[in-house]
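>>> Could you look at this predicted model? Sequence included:
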Amino acid sequence: MDLPRLGILWPQSRRARRRRVLQTALAAASALALLLWWLVPSGGPGYPRVPLSFATGVANGVYEKYGMLLQSDLRTALPGVDVALVHTEGSVDNIKRVASGRADFTIAAADAVASYDGPGKSGLRAVARLYDDYMQLVVPRDSPVRSIRDLRHMTVGVGQADSGVNLITRRLFAAAGMDMNRDVTAEPIGIDQAPAMLLDGRLDAFFWSGGLPTAAVSAMATPVARIRLVQLGDLVAPLHAMGADMAYYRQAVMPADAYPAAQDGKAVSTVAVANLLITTDRADAGLVQRLTRAVIDSRDAIGSVVHAAQLVDLRTAVFTDPLPLHAGAERYYRSVKP
C-alpha cells in the first residue's frame with residue numbers, strides 16, 4: 001500500500017465532502033426561499049398566520065353569501081390564514097361578537113353600529129363601506145296592505161331579535177306611530193324562514209333588510225308565487241325626526257328590475273342604510289391592509305354572484321361613519337390614492 005499517495009488523497013476527500021455539504025446546504029436554502037416566496041405574497045406587508053373568524057348572518061341572506069365568496073378570495077390574499085365563517089342573527093349580533101372578541105371581522109349596518117353602546121365600543125374600527133341594504137316589506141300579491149300602517153293586527157315577520165332587520169323594523173313602526181309589540185303579532189324570524197311561512201299563510205307580511213336583489217326574495221318573486229313589495233319611503237322624514245341616530249337612513253328606490261314580477265315594472269320607494277365591514281383596533285395592521293385590498297379587488301368577481309357587491313367602490317369605501325378607519329385599511333387607501 002502506498003501510504004504517501006493515500007496521504008495526498010485524504011485531504012482531497014475531505015474537501016469533496018465539505019463541497020457536498022455546502023452544495024446540500026445551498027440547495028436547502030434555495031428550497032426554503034422558494035417555499036417562502038410561495039407562502040408570502042409579494043408587494044405587501046407581513047401578517048400573522050393565525051385563524052380568523054368572520055361573522056356573517058342568517059342562512060340565505062346577503063351577508064352569508066358575501067362572506068362565503070370573500071372567504072374564497074382571502075385564501076389567495078392571506079395564505080396560511082384559515083378564515084372560518086360564523087352564522088349569526090345579523091348586524092346587532094355581529095357587532096357584539098366582534099366587540100367582545102368572539103369574531104374578528106363582520107358586516108354590520110351603520111345604524112346598528114351607531115346604536116351599539118356595549119363593551120368594546122371604543123375599539124371598533126371600519127375596514128370599508130360596502131353596499132346599501134334596502135328595507136323590503138313583502139306581502140302576498142292579493143294583500144290589502146299598501147303601507148306599514150295597514151299591518152295593524154296582522155302576523156308579521158320582523159327579523160330575529162339581534163338582527164339589523166329587527167332594529168329597523170321597530171323604528172319604522174315607531175315612525176308610523178305604531179308599537180311593534182302591541183299593534184302586530186311580531187314573529188322574530190329571518191329570511192331563512194319567512195318566505196316559506198308567508199307562502200304557507202302563516203305570515204301576513206315580513207320585513208327584510210338586504211342588498212338588491214336578495215336571492216330568497218327573488219325566488220318568491222315569480223308569477224306563480226304572486227308576492228308584492230310595499231313602499232316604505234314615506235317614513236324617512238318621520239324617522240329623521242326621531243333623533244340623530246336616524247340620520248343613517250336615507251330615502252331610496254328599489255328599481256323596477258330588482259324583482260320584476262313583484263313590482264309590475266314599477267320602482268318602489270323605501271329606506272336604505274349603508275353596510276360596513278368592521279373589525280377592532282386589536283387586528284394586525286398588515287393583515288387588515290391585505291384584507292382591504294382583497295375586498296376592493298374582489299368586487300367584480302363577487303358582484304357577478306351577489307349583485308349588491310357591485311356597488312363596492314374605492315371612492316366611497318372610506319366613508320365609514322360612525323366608525324374611524326382601521327390603521328391597516330387607511331394605509332391601503334393611501335397607497336392607492338391617485
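Arrived safely. In this text, all values refer to a predicted model and were calculated from it rather than measured experimentally.
>>> quick one, what contacts the closest residue to residue 270 other than its chain neighbours?
Excluding the flanking residues, the one nearest residue 270 by CB to CB, 6 or more residues apart in numbering is residue 232, at 4.6 Å. Where C-beta positions appear, they are placed from N, C-alpha and C, glycine not excepted. Residues counted as contacts of residue 232 (CB atoms under 8 Å, 6 or more residues apart in numbering) are 135, 137, 148, 172, 269-271.
>>> Drop anything exposed from those residues.
Listed as buried from these are 135, 137, 148, 172, 270-271; burial here means 16 or more other CB atoms under 10 Å.
>>> from the residues you listed, which is closest to residue 287?
residue 135 (33.7 Å; CB to CB).
>>> How about the secondary structure of the closest one?
Under DSSP: H, G, I helix; E, B strand; the rest coil, residue 135 falls in the strand class.
>>> Tell me where the stretch 1-150 of the chain has strands.
52-55, 83-86, 105-109, 124-140 (DSSP state E, counting those that start in this stretch).
>>> for the residue nearest the centre of the chain, which residues make a bridge with it?
The centroid of the chain falls nearest to residue 107 when counting by CA atoms, centre = their mean (3.7 Å). In this entry, residue 107 is beta-bridged to residue 277, by DSSP bridges.
>>> How about residue 155?
residue 185.
>>> pretty sure it contacts residue 201?
No: if you go by CB atoms under 8 Å, residue 155 and residue 201 don't touch, sitting 9.6 Å apart.
>>> Find residues that contact each of these two.
With CB under 8 Å, 6+ apart as the test, residue 155 and residue 201 reach no residue in common.
>>> So for the two, which sits in the more crowded spot?
residue 155 (17 against 9; other CB atoms under 10 Å).
>>> The more buried one and residue 187: what is the separation?
6 Å (CB to CB, to the nearest Å).
>>> Okay, domains of the protein per the record?
52-131+275-335, 133-274 (automatic domain parsing).
>>> Now do the last one, average pLDDT.
Which is domain 133-274. What domain 133-274 shows for mean pLDDT is 95.
>>> what do you get for stretch 51-62?
The model assigns stretch 51-62 a mean pLDDT of 94.
>>> Buried residues in it, which are they?
52-58, 60-62.
>>> gap between it and the chain center?
7 Å (CA atoms, centre = their mean, to the nearest Å).
>>> first vs last residue of that stretch, how far apart are they?
24 Å (CA to CA, to the nearest Å).
>>> related to what we said a few turns ago, would you list the buried residues of stretch 51-62 in JSON lines and tack on distance to residue 300?
Output for those, formatted as JSON lines (distance: CB to CB, whole Å):
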{"residue": "52", "distance to residue 300": "24"}
{"residue": "53", "distance to residue 300": "26"}
{"residue": "54", "distance to residue 300": "21"}
{"residue": "55", "distance to residue 300": "25"}
{"residue": "56", "distance to residue 300": "21"}
{"residue": "57", "distance to residue 300": "23"}
{"residue": "58", "distance to residue 300": "26"}
{"residue": "60", "distance to residue 300": "23"}
{"residue": "61", "distance to residue 300": "22"}
{"residue": "62", "distance to residue 300": "17"}
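>>> for those, which one is nearest residue 297?
Among these, residue 54 lies closest to residue 297 (CB to CB), at 17.2 Å.
>>> Okay, and the beta partners of the closest one?
Going by DSSP bridges, residue 54 forms beta bridges with residue 85, residue 105.
>>> Contacts only, for it.
Going by CB under 8 Å, 6+ apart, the list of residues near residue 54 reads 67, 70-71, 83-86, 103-106.
>>> Can you check these and name whichever has the most neighbours?
residue 106 (27 neighbours).
>>> Contacts made by stretch 237-248 with the rest, please.
109-111, 114-115, 171-172, 174-176, 249, 271, 273-274, 322.
>>> Any of those residues buried? List them.
109-111, 114-115, 171-172, 174-176, 249, 271, 273-274, 322.
>>> Sitting in helices, which of those residues do you find?
Judged by DSSP state H, the buried ones among the contacts of stretch 237-248 include 110-111, 114-115, 171-172, 174-175 as members of helices.
>>> Could I get those in JSON lines, plus columns for distance to residue 77?
Shown next, in JSON lines, are these (distance: CB to CB, whole Å):
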{"residue": "110", "distance to residue 77": "25"}
{"residue": "111", "distance to residue 77": "29"}
{"residue": "114", "distance to residue 77": "29"}
{"residue": "115", "distance to residue 77": "31"}
{"residue": "171", "distance to residue 77": "37"}
{"residue": "172", "distance to residue 77": "38"}
{"residue": "174", "distance to residue 77": "42"}
{"residue": "175", "distance to residue 77": "41"}
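>>> Among these, which pair sits farthest apart?
Checking these with CB to CB, the most distant pair is 110 and 174, at 18.6 Å.
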